[in-house]
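In: Provided below are the primary sequence and the corresponding predicted coordinates.
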Number of protein chains: 2
Amino acid sequence: MTTSIQLAGGISGPENLRPLLATALDALGKGTVDRGGPLPTGGADAVGALFAEDVLPWEGDGAETALDGLAKAFAEGAADPAHPSCVAHLHTPPLAIAVAADLVAGVLNSSLDSWDQAPSGTHVESQVIHALAGLVGYDPEVASGAVTSGGTESNLTGLLLAREHALSQAAGAHGVESGIPPELHGRLRILCSEATHFSVARSAGVLGLGEEAVVQVPLGSDNRMDPQALRSTLADLRSRGDIPVAVVATAGTTDLGVIDPLPEIAEIAAEHSTWLHVDAAYGGGALFSERLAPLLTGVDRADSVALDLHKLGWQPVAAGILLARRAAAFDPIERRVAYLNTADDEAAGFQSLLGRSLRTTRRPDAFKIAVTFRALGRRGMGELVDRCHEQARNAAATVREHPRLELYQEPVLTTVIFRYRPESGDPDAINAEVRRTLLRGGRAVVGRTELDGSVWLKLTLLNPNTTEPEINDLLAELVTAAVDEETR
Amino acid sequence: MTTSIQLAGGISGPENLRPLLATALDALGKGTVDRGGPLPTGGADAVGALFAEDVLPWEGDGAETALDGLAKAFAEGAADPAHPSCVAHLHTPPLAIAVAADLVAGVLNSSLDSWDQAPSGTHVESQVIHALAGLVGYDPEVASGAVTSGGTESNLTGLLLAREHALSQAAGAHGVESGIPPELHGRLRILCSEATHFSVARSAGVLGLGEEAVVQVPLGSDNRMDPQALRSTLADLRSRGDIPVAVVATAGTTDLGVIDPLPEIAEIAAEHSTWLHVDAAYGGGALFSERLAPLLTGVDRADSVALDLHKLGWQPVAAGILLARRAAAFDPIERRVAYLNTADDEAAGFQSLLGRSLRTTRRPDAFKIAVTFRALGRRGMGELVDRCHEQARNAAATVREHPRLELYQEPVLTTVIFRYRPESGDPDAINAEVRRTLLRGGRAVVGRTELDGSVWLKLTLLNPNTTEPEINDLLAELVTAAVDEETR
């Protein structure tokens, strides 16, 4: 008689999990207390010291021991976005409801590449895509999409659909089937602004267009893509015989959170019959807020849209979304596979979502999204967005009034870009070093970036519970550290 | 005073989660009991009826109500791989310990694209990759890799590295930077067998080579790639001036589980200085077993290897792995990004894993793998593999001795390919319909595929607790349904 292995699913799954989840929660609590701040003190070496043992020994320690020890170390060594001083990135503190719901997806281990691995998963993803298509203003009966691993996969997939669309128009050639026709080498172009996320250039590289295919349209004085510049760039490309594969507009740039002028860009893209992809990975969350949703007016004219609910959606990673205005856009990546989705099985009602994604195995990340949506409603989601937006406005006001701090520009969404102004010394070096000092000391996780050739610091405010005094304390601590650095 | 939002992290996270996790487990239990079998009865319409409500209402229901209702419906509508009759796919029943550990990753929401979002996550992924590099026989100090969303992303990334390698050799051209040189259009080739997973052809399409770049090397009589045929195919390509970008060998094909002759293939690839990618998404798990590991002899000679611990590793999705024998292979996808990994921050010890993946945001799926490894040890992992292998051998014996069943060939890993032999009627139609009858009735999830132009059925045995009588009962139920179908 062999011993029974403790699985997460089946009738005995819940009882197998109950003690282990209690252990995980206790260890999380202990690790969080031992950390005592937003991140561990002492940098990478100190973190490494928390994990001294061989990760794959011959004999195991048993479940309780392994989980207790590693979960405590992992929590102690983490940068926790639920701490009010962990504000560097679009690194959201997830809602308890979303994390609890995600457990269910893990237990059942549904996979969306065939119906018979995910009867309920297939249905729930379709529902979530339908709801989000409606949220962006698409006709949900005509649109389609899928949950992705994040904005990067959404951008890659959107640009692949754009590539296929352009190739089918340009030469009757099929990119997926026979590659990029040699006569089009170096002529297939993607237009975006210099503030566009790097995953757009990376996607061009992956897709065989080359990163040089990306043409940067100048920004206007408001740091948004300049529509007149887009118009003239497109005309220039056309006159050289180049083919614009896509215009990529950004709704919520990573640093400033600015939103390109979508109605004007959509108009120009339409004039040129060019695919419009809107990267709304960050700004898409504004659609939940009655106050901020108007910022995204025009997004419904995009051919494809990237969203990321692990940003302004408070989901644990992954919760990316790709939507296409017309389901037919996915035709080039549709597939028939003998072991997954034969025509006779699909005709009999067992329809799979295989053709909606470049992945095969695919966790139903839509489930946690669905539970969160039902729990909070659109009004509750919007309230979270509004709270973080308000924090950013308040923080910007504090920065603006502080004699030693400089605000880059007024916040649009939930980021605040600023820097310390030293009386002497290299501002770039001092700002970069202050950030590292706070990291090493376990005191704060502040972001940094480069704008106009200089180093700037960044607060990305995504924690709806953070208070104005907490942010002011963080800024005061940063200034103190900067003064120390300057006078060292 | 605004109300506090219940987050998963921070000091109050564990207490916020405790009641919600209890609700989730109770709902999973209820849904599993109500389902009463491996999948719901009644097909897609019945599943849809479980989810009657709008997924994004204006006002939410609150966390408890939403979670209880949706988790119960999701479980009731799922195909649960922990049920002994859910055996269609490489759709593993996850271990309770892996699912509990995955909760920790969700709570802290670490993301591996920068050190300051994942101090402990960065360390743990590096440890797991080090251990797995050792497991495949690489020098872990020289090798590198990353956790991926699955075998498909692993194959795409491995083939991207191969494309860059080939282009750097062929023409000094850089695929990532300037695309595929026009003079190489249609000449960049990927060699694999006809049993290779479809994600290889799909990757060729994504990467701009075109699916037609894939050249199928004939199988030998043992259904493994024929090394002599590979040798002559490579010679033919060379004589035509084509460039072999990669040879893709499979260690564990999706249907038969066969493993291509890796030592011979590695030798031939080396003779031609051609990148060898081994897709060991399924068969890589055999490395945990002392008994089966010799099947993968030669895998250490691959330039890149895909593994999937959500198959023979009992992880919840996602738990794919890409390994490269030399870390330098990742150079073409390395990136410096001002907001993530500046050179001065990296020099100061804050090193990120951004350059190991095509994704940006990336959940630390390595954590659940690390906890599982420490809990079970390599011996414990190997025992799970051996149990499932033994089940497959026993099931094959039952099939072989059954007068109405036909075995395709002896199992290699944990799949059994067989079919019902009707006395009259179309065998393909009857086998396909029997499978659908079992699905509609909620009785069994049996796989199907096509081999030699015919429909075959498949048991993919991944549940270490399944007993021989349970498998025999499933086969008996299938035969009864088939006889009914035949005589209808």
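Out: Nice, I can see it.

In: which stretches in chain A count as helices?
Out: Taking DSSP state H as the criterion, chain A contains helices spanning A:13-35, A:43-49, A:63-76, A:96-108, A:119-136, A:151-170, A:175-178, A:198-206, A:227-239, A:262-271, A:343-347, A:366-401, A:427-440, A:468-486.

In: of these, flag the one that's most buried.
Out: Ranked by mean neighbour count, the helices of chain A are led by helix A:96-108 with a mean of 30 (mean count of other CB atoms under 10 Å in any protein chain shown). For the C-beta atoms, the positions are set from N, CA and C on the backbone; glycine is no exception.

In: before we move on, the earlier item: lowest average pLDDT across the helices of chain A?
Out: Per-stretch averages of pLDDT across those put helix A:175-178 at the bottom, with a mean of 84.

In: is stretch A:476-488 in proximity to chain B?
Out: No. Judged by CB under 8 Å from any CB of the partner chain, stretch A:476-488 and chain B are separated, with a smallest distance of 13.6 Å.

In: show me what contacts the closest residue to chain B within the stretch 151-300 of chain A?
Out: Per CB to the nearest CB, A:Gly208 is where the stretch 151-300 of chain A lies closest to chain B, at 1.7 Å. Listed by CB atoms under 8 Å, 6 or more residues apart in numbering or on different chains, the contact partners of A:Gly208 are A:Gly175, A:Gly179, A:Ile180, B:Gly175, B:Gly179, B:Ile180, B:Leu207, B:Gly208, B:Leu209.

In: list the contacts for the fourth one?
Out: Taking CB under 8 Å, 6+ apart as the contact definition, B:Gly175 lies against A:Gly205, A:Gly208, A:Gly210, B:Arg163, B:Glu164, B:Leu167, B:Gly208, B:Pro332.

In: quick check on the third one: phi, psi?
Out: Backbone torsions of A:Gly210, given as degrees, to the nearest 10, read phi 90, psi 140.

In: what's the nearest residue to it if we skip its chain neighbours?
Out: Leaving out its chain neighbours, the residue that sits closest to A:Gly210 by CB to CB, 6 or more residues apart in numbering or on different chains is B:Gly179, at 3.2 Å.

In: confidence score at the one you found?
Out: Residue-level pLDDT assigned to B:Gly179 equals 89.

In: hang on, the earlier thing: pick out the most distant pair among the contacts of A:Gly208.
Out: Greatest spatial distance in the contacts of A:Gly208: A:Gly175 and B:Gly175, 14.8 Å, computed using CB to CB.

In: please tell me how far A:Val176 sits from A:Leu167.
Out: Separation of A:Val176 from A:Leu167 (CB to CB, to the nearest Å) stands at 9 Å.

In: apologies, that question was intended for A:Ser114.
Out: Taken as CB to CB, the span from A:Ser114 to A:Leu167 is 29 Å.

In: got it, and A:Arg326?
Out: 17 Å.

In: which residues touch A:Gly283?
Out: With CB under 8 Å, 6+ apart, A:Gly283 has these contacts: A:Thr250, A:Ala251, A:Gly252, A:Gly257, A:Ile259, A:Leu295, A:Leu296, A:Leu312, A:Leu413.

In: what's around A:Phe330, how many residues?
Out: 19 (other CB atoms under 10 Å in any protein chain shown).

In: how about it, what does it touch?
Out: Here A:Phe330 is in contact with A:Ser144, A:Leu161, A:Ala324, A:Gly355, A:Arg356 (CB under 8 Å, 6+ apart).

In: hmm, the third one is touching A:Ala146, no?
Out: Spelled out, that is A:Ala324. No. Using CB atoms under 8 Å, A:Ala324 is not in contact with A:Ala146; the gap is 9.3 Å.

In: quick check: A:Ala204 vs A:Ala324, distance?
Out: The value you get for A:Ala204 to A:Ala324, if CB to CB is used, is 19 Å.

In: likewise A:Ala101?
Out: Computed as CB to CB, the A:Ala101 to A:Ala324 distance reads 26 Å.

In: related to what we said a few turns ago, for the contacts of A:Gly283, which one is nearest B:Ala8?
Out: A:Leu312 (16.5 Å).

In: just checking, the closest one touches A:Gly285?
Out: Yes. Between A:Leu312 and A:Gly285 there is a contact at 2.2 Å, judged by CB under 8 Å.

In: quick check: neighbours shared by these two?
Out: Residues touching both A:Leu312 and A:Gly285 (CB under 8 Å, 6+ apart) are A:Val385, A:Leu413.

In: give me the nearest residue to A:His165, chain neighbours excluded.
Out: That would be A:Trp275: by CB to CB, 6+ apart, it lies 5.5 Å from A:His165.

In: run a quick neighbour tally on the one you found.
Out: 25.

In: quick check: bridge partners of it?
Out: Here A:Trp275 sits in beta bridges with A:Ala246, going by DSSP bridges.

In: need the per-residue pLDDT for it.
Out: On the pLDDT scale, A:Trp275 is placed at 98.

In: who's in contact with it?
Out: Counting by CB under 8 Å, 6+ apart, A:Trp275 has contacts A:Leu161, A:Ala162, A:His165, A:Ala166, A:Val245, A:Ala246, A:Val247, A:Ala269, A:Asp303, A:Ser304.

In: closest one of those residues to A:Ser126?
Out: A:Ser304 (17.8 Å).
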